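Enquirer: just need the structure, nothing else, for what follows:
(chains A, B, C and D)
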Protein chains: 4
Amino acid sequence: MDKLQEACGIIGISAGGENGGGLVSKLYMGLISIQHRGQEGAGIAFAKDGAVHCYKNKGLVSEVFNEQILSLISGEMYLGHVMYSGSQDKYAISAQPYVVNYKRGSLASAFNGALANAAELRDEMENGGTVFSTSSDCELAAVLVAKHDKGDIASAVQKVCGLLKGGYAMTFMTGKAMVGVRDPYGIRPLCIGTVDGRLALASESCAFDMMEGAFIRDVAPGEIVTLYNGEIRSVYAQKPKSGERAGCIFEYVYFANPDSILDGKSVYQCRERAGYILAQESPAEADIVIGAPDSGSPAALGFSLCSGIPYTIGLIKNKYVGRTFIQPTQTQREMSVRIKLNPIRPVLEGKRIVLVDDSIVRGTTMRYLIAAIRRAGALEVHLRISSPPVLHSCRFGVDTPDANDLIAKNMTTREVCESLGADSLAYISTEGMLKSLEVCGGENFGFCKGCFTGEYPNMDLQEYEQILL
Amino acid sequence: MDKLQEACGIIGISAGGENGGGLVSKLYMGLISIQHRGQEGAGIAFAKDGAVHCYKNKGLVSEVFNEQILSLISGEMYLGHVMYSGSQDKYAISAQPYVVNYKRGSLASAFNGALANAAELRDEMENGGTVFSTSSDCELAAVLVAKHDKGDIASAVQKVCGLLKGGYAMTFMTGKAMVGVRDPYGIRPLCIGTVDGRLALASESCAFDMMEGAFIRDVAPGEIVTLYNGEIRSVYAQKPKSGERAGCIFEYVYFANPDSILDGKSVYQCRERAGYILAQESPAEADIVIGAPDSGSPAALGFSLCSGIPYTIGLIKNKYVGRTFIQPTQTQREMSVRIKLNPIRPVLEGKRIVLVDDSIVRGTTMRYLIAAIRRAGALEVHLRISSPPVLHSCRFGVDTPDANDLIAKNMTTREVCESLGADSLAYISTEGMLKSLEVCGGENFGFCKGCFTGEYPNMDLQEYEQILL
Amino acid sequence: MDKLQEACGIIGISAGGENGGGLVSKLYMGLISIQHRGQEGAGIAFAKDGAVHCYKNKGLVSEVFNEQILSLISGEMYLGHVMYSGSQDKYAISAQPYVVNYKRGSLASAFNGALANAAELRDEMENGGTVFSTSSDCELAAVLVAKHDKGDIASAVQKVCGLLKGGYAMTFMTGKAMVGVRDPYGIRPLCIGTVDGRLALASESCAFDMMEGAFIRDVAPGEIVTLYNGEIRSVYAQKPKSGERAGCIFEYVYFANPDSILDGKSVYQCRERAGYILAQESPAEADIVIGAPDSGSPAALGFSLCSGIPYTIGLIKNKYVGRTFIQPTQTQREMSVRIKLNPIRPVLEGKRIVLVDDSIVRGTTMRYLIAAIRRAGALEVHLRISSPPVLHSCRFGVDTPDANDLIAKNMTTREVCESLGADSLAYISTEGMLKSLEVCGGENFGFCKGCFTGEYPNMDLQEYEQILL
Amino acid sequence: MDKLQEACGIIGISAGGENGGGLVSKLYMGLISIQHRGQEGAGIAFAKDGAVHCYKNKGLVSEVFNEQILSLISGEMYLGHVMYSGSQDKYAISAQPYVVNYKRGSLASAFNGALANAAELRDEMENGGTVFSTSSDCELAAVLVAKHDKGDIASAVQKVCGLLKGGYAMTFMTGKAMVGVRDPYGIRPLCIGTVDGRLALASESCAFDMMEGAFIRDVAPGEIVTLYNGEIRSVYAQKPKSGERAGCIFEYVYFANPDSILDGKSVYQCRERAGYILAQESPAEADIVIGAPDSGSPAALGFSLCSGIPYTIGLIKNKYVGRTFIQPTQTQREMSVRIKLNPIRPVLEGKRIVLVDDSIVRGTTMRYLIAAIRRAGALEVHLRISSPPVLHSCRFGVDTPDANDLIAKNMTTREVCESLGADSLAYISTEGMLKSLEVCGGENFGFCKGCFTGEYPNMDLQEYEQILL
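Expert: Numbers count the residues shown, from 1 in each chain, chains lettered A, B, ... in the order given. Model prediction:
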């Protein structure tokens, strides 16, 4: 689809008591609950008798694992991962966790995000004779931690984080310990909870709901947590400067599950609130409000709530169009969009429509969608987008298309409106976006709004831009 | 899931001009658009140079076909099918169309529904020496038509329909002609449209949207339509007695796609309207209205519209729980429900909830769902069901569980309410249900309400009840 | 193919020291070396920390296992199995080992052979309330042993063997011990050896070659061996009456690998010797001797050695005709034979041929083969079979066709010769067969020649014949 | 395995009458009969109503096709292919035939061999604006023929052959005609026959046996045959200079099926004869002669025939070690050889052995094999090779390893003997090799012995050597 894509999801369950098959089953279901963060590979590493083993493959969690394979996985600790890979690089990793064996034993690494200085760090290590198997940041991080391990894995992670620039959440598991860390700005999410009385880490809180566990708290920006023997030990990689933070706004806009709470804020409520503020900023005269399923629906409800224009369901999403869908000929590309969303004519016919979506990236899907809504008899289509225009590439792990393909980069809003065939178009303002996040619980803190404004939190990262883009 | 299951979907595209690969691609996408009618098998038969060929297999449309296989399918006519099979019978067919070769050539048959007198007809034919390969009504119909074919397939179908009792939509394709028919009461749906200028048949009108074609009209109850050379020829199998009709209500309640229009009525609007009437009949004092996704959402919107209680999204459906999902241990069965629907705590917490669903069959899913909503902090849960209690087995092709497993059959509504853990429970009345169907466009006609009332349209079918149940 | 089919192969590796991944790899290769004993299912059970786990599936060893799955298998003991299943029974087991959990822990069972009184034993247990999951003798044996386990698994096996009638080799593995047993007549084979310094059991000695281990000795008829802590402990289930034995002749004729040594006799040499004796008993005037590949080749060499008629290769076996081979139409069945064996015309043209095969069961393959050899220009075809005519069904685990399908049962040898289109036909005599086994090393002992003579070793088994046939 | 690998097999069946499903079935079986020429990809192109379609994929013939897919293939002509691909090139083709669509219609190409001037021809065409999809010679040939097609495909092929240098057999199929061609030296094989009364082409004559067809004759070097309407029309690309020919010797040594007759010579007899001459040239004092299965067996029989030393079977080949076999750890590589061939101890023990194989390339397999034979108790092992030492890379489509990996290139025969652990080693002389080919029927003509002598038939090709090696 025509959306930005995220880079991964992590769940780790630490040691601390008896283990049964039920724990592996819960991890499996936890991974399915964060499958939206990555659908191209899945894996589970586990620590048994001091050694780390791993089973992983390309595909969905439900394709990679089956009952018999899960029955072979048991140990004292588990580290699961779902992966998104935008890479066409043939040396890319195809699934995580990544396991390295080194003089002190074995180590599994699960990674979400992107390192801005990866090329520099690799060069340096390769000059020192290190050989890498893949081009992934996950392997790089694992090798760095292994290299700095003098017996205390948390200290090794601390030293390595001093070398890293970028946005990341990482989890490392040795035969003895499990360590999680977020970058100093808190760009990528990671939180702590329990599963069956054991401490655990997860990219999103919804995983704890699914595993019948309990959410405890978010990992703080720059914090390194070690889960050990039922205790959470905490050290800091780099103290965030005067509490400066920069959570990724797109987690709230699109990536995270609506039933997750990230850094204290309900993802669903942020989305609904953004729709509400959008209606205040850019009202429309219309008969009904509809959302582009599924990610546009909460903001559409918010728009309806504020404007008083009735919300309804105007587009049906086909549940059977999976990754295996084929587009028989090139000229029929449009049909792959058509098959995913079908308008309900009796709902739309003769109506003035407000269509709300969470974001526009290339605009190709939206152009078709508006045409389809018109063919179904809509009189007017007023497009409202609950995030600001995407104008810049992400440097922290989100797979943004080339600047040339970003529709808002190359046209004025009026031109975009015309190009998409809408009667009017408005985006939420950056201020409105930030305001929607403020009022939704949790303390208020800074966000990375780089993809909207081009201002990235980590100023000294600008030198890496060339490499990244 | 804990829903009634339908028995199949059909799409046929007739001859009438030049054919290109694009037509097969469209048929493929049309089949995906009716995949909800059957997910266990898929197939495409095609007529080429006067002979009928077929490719079919178990699995979803997107699993059975790939680009290379589609590239091998070309001819003058096509007949596609998606199949649901509740059968544990090892002689059951695993996918349709079913092709028979006989003295006049070959014939493909695609079937939706059930024949009430199948056993009797089989007995009679087996006594006459006929050997069947499967226990399916689809084969039975094909063999009967082949037997009665004296050169005009429509006449053969007409004769055969005189022998059949039950609810069905069938399509037959020979090397020369395509014929579709609905039972005299119009229980199962079938409609006519065009694709790329050719006449076509489909179980639901949404298929024509997907194939970029145009809907023309529904096949009338008892009507036999022959698509030939761009003309629709029509004869009647049995004239419905004084226009008596009996469309399956469950098509509107659950089976059909919300973007379809069946016999003139918008499925979406019928569902919304049922929710509206339900709110009139059984109001509730509450803070928000939520639907059980996805099938409960339209009625929840209707309930909100009538009651003025705000509609919101309170439950998130996991998109990655497919047919391959495993339930690692028996004791964790509940988790398979848990993983499919997750409540959004910040939306539900401290609220009095109206939860709307389209139907209750066994009640197992609903019991869990209400518990989950309570755990998410809901103060009260008022359950409203937009169809009457299911009390009887279907005789016309719907896979109803044993009467023992129908929760409403064995308990009073008060007991069901308690058993499910709701604060109140109300179903729409049968009259309310019928009223919702009346106001949603199309002419008004009778419906089969057998599963609610035990009164089946075809009175003389009662003798077959013993065989069926 | 048109051969009798065997029922399984077993390899068990016992505890006794450190374990590495290499041991699982060796077991994997050992299973491939006995794959000829069963190609329909494969599995490995393993004992870890006192509990038994298992991974198994339908398919060849190389299809069921892959590197990642093998990497998840590790423990103190291993029990592997390859399965042949002639059964169409839908309750049949699809792969072994079979694992049962019971009050004393868990137990894996691997089985080769057949129990003559299985139905009786099941009835008795079912009357006592036992529920079986499959119809297999493997499960029956596992359940019986679990039921009789009072803490010493060897004693339990001993008691159970007192109840069993039939021909079998079985291996049981609990979390602590591994026990192997052969029936009192030694019908099915089982031998002891070492792999990486650990004691092990295998159906055939060739497995020890493959696992770079060493053969120690055959398990004696009726012997129960417990492999524990590097020691072989031995008790007897039932002392064979005065040393009476009844090894299955067909193991030497066809089932066993030519590189195995069973009960002291080289399988290859027995086959070659049978050909030698056959040439003495039934000489032929001919130009060349050829074997039906691969199983007829050793006897053909023996025939050549005795007769002085030169041996040559006259038929080429296609290596690419696997289980997945399809026979596109029924009328082309003959082609499935044709594709497996192709005659070399320049070798056969103008020659008088002696064609040697190890056995004839239905005769269908042979009929085609002789026709093909004639089409390739052979002047005469003298068929010589290095085992006596198969006239009776096996009661001890070999999948014999219905008596109606045994060509020798229904025709005189002259009629068979004519039916197959040979110029002459001779089988080795039963005496000749036995003599060939005598001279090939090992002590001399009795054999079961039931399939040739109808005399079965276990006289009191005749009452079960009705059930079996 | 440690053998040279061939590059492909072709079967084409031309138009000329009614077609039934039986013809596709026969083609399918024909492809299985030449599967030894390529196991990595398979495909069938077919011409229907003037257009060419194709179904192909990676894998064995029996994996790529199944009954349903074959049932979709029907037309007036068929072109099948099996492919070997030594290439690691990611732009390589994964299966043939290759189909191009161009202004005159569509064209399928099936290729066996290698073009020496491919790079030059590509450069030239790319400079002219042609875009290639793959790096294969098959595509190059197809594009060239399409480019030169002025309405008569045979003329186009004739023109194209004037541009090509190398060794090849190619077949082209348009909607109307089928054309086959061999390079002017006749390096790669191609022959003509009939299947069900239709004219056909095949890489080897064994395919006609399998398809119940009849062999007619070999295509002559440089000959372009057009199969049309039951007639064979013949033109010449380039007249071979004074009948100079250069058939690939390795076709007789290893590639071709023993039941094929290539250019008038029986492959089996050539191999047997080479063994005979080898025994004359380099006798050995020994007790038995054994062959390395399967390709060494005919020469071993010849050696036995000449020397009088009895031939026997000493090594058993495992039938279940397929492409899916995994080598669990790098250190266990030797086991992958071990698992393929197991010595029969009772046959070898205490004996002086002559071991005959058809060729040695790297020597790795042979080293292990001799060690295994010694471990099985052999007193002496005299290695005899029925082809001369391989010293040079092939330029005509055979996948030869780097010169560094050719054991005979880097050691004297005495050193090779020691390195392999044999007691003596002898190769057949080049003269002996040629003599063995002379006496085996057919007219006598020249051979390419480049891999033995470094002298290639096409002298002006030497300029391309740099590109090729």
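Enquirer: correct me, but residue A:234 touches residue A:223?
Expert: Yes - counting by C-beta atoms under 8 Å, residue A:234 touches residue A:223, with 5.7 Å between them. Every residue, glycine included, has its C-beta placed from N, CA and C.
Enquirer: wasn't residue A:25 part of a helix?
Expert: Yes - using DSSP: H, G, I helix; E, B strand; the rest coil, the assignment for residue A:25 is a helix.
Enquirer: the closest residue to residue A:377 other than its chain neighbours: how many residues sit nearby?
Expert: Excluding the flanking residues, the one nearest residue A:377 by C-beta to C-beta, 6 or more residues apart in numbering or on different chains is residue A:349, at 3.3 Å. For residue A:349, the count of nearby residues is 13 (other C-beta atoms under 10 Å in any protein chain shown).
Enquirer: phi, psi of residue A:349?
Expert: Main-chain torsions, residue A:349, degrees, to the nearest 10: phi -60, psi 130.
Enquirer: next: residue A:438.
Expert: Phi and psi for residue A:438, reported as degrees, to the nearest 10, are phi -60, psi -40.
Enquirer: before we move on, what about the one 10 residues further on?
Expert: According to degrees, to the nearest 10, the main-chain angles of residue A:448 amount to phi -80, psi 120.
Enquirer: what's near enough to touch the nearest residue to it once chain neighbours are set aside?
Expert: Using C-beta to C-beta, 6+ apart and skipping the chain neighbours, the partner closest in space to residue A:448 is residue A:246 (4.0 Å). By C-beta atoms under 8 Å, 6 or more residues apart in numbering or on different chains, residue A:246 lies in contact with A:185, A:186, A:187, A:446, A:447, A:448, A:457, A:458.
Enquirer: the strand or helix carrying residue A:111 pairs with which strands?
Expert: Residue A:111 is part of strand A:105-115 when elements are defined by DSSP states H and E. Looking at strand A:105-115 with DSSP bridges, its partner strands are strand A:98-102 (antiparallel), strand A:166-174 (antiparallel).
Enquirer: so residue A:234 and residue A:223 - more neighbours on which side?
Expert: The neighbour count for residue A:234 versus residue A:223, taken as other C-beta under 10 Å, is higher for residue A:223 (21 against 13).
Enquirer: measure the residue in chain A positioned nearest to chain C to chain D for me?
Expert: Nearest residue of chain A to chain C (C-beta to the nearest C-beta) works out as residue A:72 at 3.8 Å. With distances defined as C-beta to the nearest C-beta, to the nearest Å, the gap from residue A:72 to chain D amounts to 15 Å.
Enquirer: do the same with residue A:358
Expert: Here the criterion is C-beta to the nearest C-beta. By it, residue A:358 lies 37 Å from chain D.
Enquirer: look at the closest residue to residue A:310 other than its chain neighbours and report its pLDDT.
Expert: Spatially, and ignoring its direct neighbours in sequence, residue A:310 is nearest to residue A:288 (5.5 Å; C-beta to C-beta, 6+ apart). Per-residue confidence at residue A:288 stands at 97 (pLDDT).
Enquirer: then residue A:232?
Expert: pLDDT recorded at residue A:232 is 94.
Enquirer: residues contacting the nearest residue to residue A:372 once chain neighbours are set aside?
Expert: Spatially, and ignoring its direct neighbours in sequence, residue A:372 is nearest to residue A:343 (5.2 Å; C-beta to C-beta, 6+ apart). Shown in contact with residue A:343 (C-beta under 8 Å, 6+ apart): A:314, A:315, A:316, A:372, A:373, A:375, A:376, B:209, B:259.
Enquirer: now do 6 Å
Expert: Under the criterion of C-beta atoms under 6 Å, 6 or more residues apart in numbering or on different chains, the neighbours of residue A:343 are A:315, A:372, A:373, A:376.
Enquirer: sort out for me which of those are in strands.
Expert: Counting by DSSP state E, the contacts of residue A:343 place residue A:315 in strands.
Enquirer: helices - which of the contacts of residue A:343 land there?
Expert: A:372, A:373 (DSSP state H).
Enquirer: quick one: which of the contacts of residue A:343 is nearest to residue D:111?
Expert: Ranked by distance to residue D:111 (C-beta to C-beta), the contacts of residue A:343 are led by residue A:372 at 46.5 Å.
Enquirer: on that earlier part again, including neighbour count, secondary structure and pLDDT, could the contacts of residue A:246 go into CSV?
Expert: Below are these laid out as CSV (neighbours: other C-beta atoms under 10 Å in any protein chain shown; DSSP: H, G, I helix; E, B strand; the rest coil; pLDDT from 0 to 100):
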residue, neighbour count, secondary structure, pLDDT
A:185, 26, coil, 90
A:186, 29, coil, 93
A:187, 31, coil, 93
A:446, 15, coil, 88
A:447, 25, strand, 92
A:448, 25, strand, 91
A:457, 24, coil, 79
A:458, 21, coil, 63
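Enquirer: can you put those residues in a markdown table and add distance to residue C:152?
Expert: Below are those laid out as a markdown table (distance: C-beta to C-beta, whole Å):
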| residue | distance to residue C:152 |
| --- | --- |
| A:185 | 65 |
| A:186 | 61 |
| A:187 | 62 |
| A:446 | 70 |
| A:447 | 69 |
| A:448 | 67 |
| A:457 | 69 |
| A:458 | 68 |
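Enquirer: excluding its backbone neighbours, what's nearest residue A:154?
Expert: Counting by C-beta to C-beta, 6+ apart, residue A:154 lies nearest to residue A:226, which is 4.6 Å off, once chain neighbours are set aside.
Enquirer: any idea whether that neighbour is helix, strand or coil?
Expert: Secondary structure for residue A:226, judged by three-state DSSP, is strand.
Enquirer: follow-up on the earlier one: identify the farthest-apart pair in the contacts of residue A:246.
Expert: Maximum pairwise distance in the contacts of residue A:246, criterion C-beta to C-beta, is 13.4 Å, between A:447 and A:458.
Enquirer: who's in contact with residue A:55?
Expert: Residue A:55 makes contact with A:44, C:68 under the criterion C-beta under 6 Å, 6+ apart.
Enquirer: again, 10 Å this time
Expert: Residue A:55 is in contact with A:42-46, A:64-65, A:69-70, A:72-73, A:95, A:97, C:68-69, C:71-72, counting by C-beta atoms under 10 Å, 6 or more residues apart in numbering or on different chains.
Enquirer: which parts of chain A belong to which domain?
Expert: Segmentation of chain A into domains, based on automatic domain parsing, reads A:8-242, A:265-318+A:333-448.
Enquirer: dump the ones you listed to JSON lines, plus distance to residue B:180.
Expert: Below are the domains of chain A laid out as JSON lines (distance: least, C-beta to C-beta, whole Å):
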{"stretch": "domain A:8-242", "distance to residue B:180": "38"}
{"stretch": "domain A:265-318+A:333-448", "distance to residue B:180": "23"}
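Enquirer: okay, now residue A:126: neighbour count?
Expert: Counted with other C-beta under 10 Å, residues neighbouring residue A:126 total 11.
Enquirer: so who does the nearest residue to it once chain neighbours are set aside touch?
Expert: Counting by C-beta to C-beta, 6+ apart, residue A:132 is the residue found nearest to residue A:126 once chain neighbours are left out, at 7.3 Å. Residue A:132 sits next to A:91, A:122, A:125, A:126, A:139, A:140, A:143 when contact means C-beta under 10 Å, 6+ apart.
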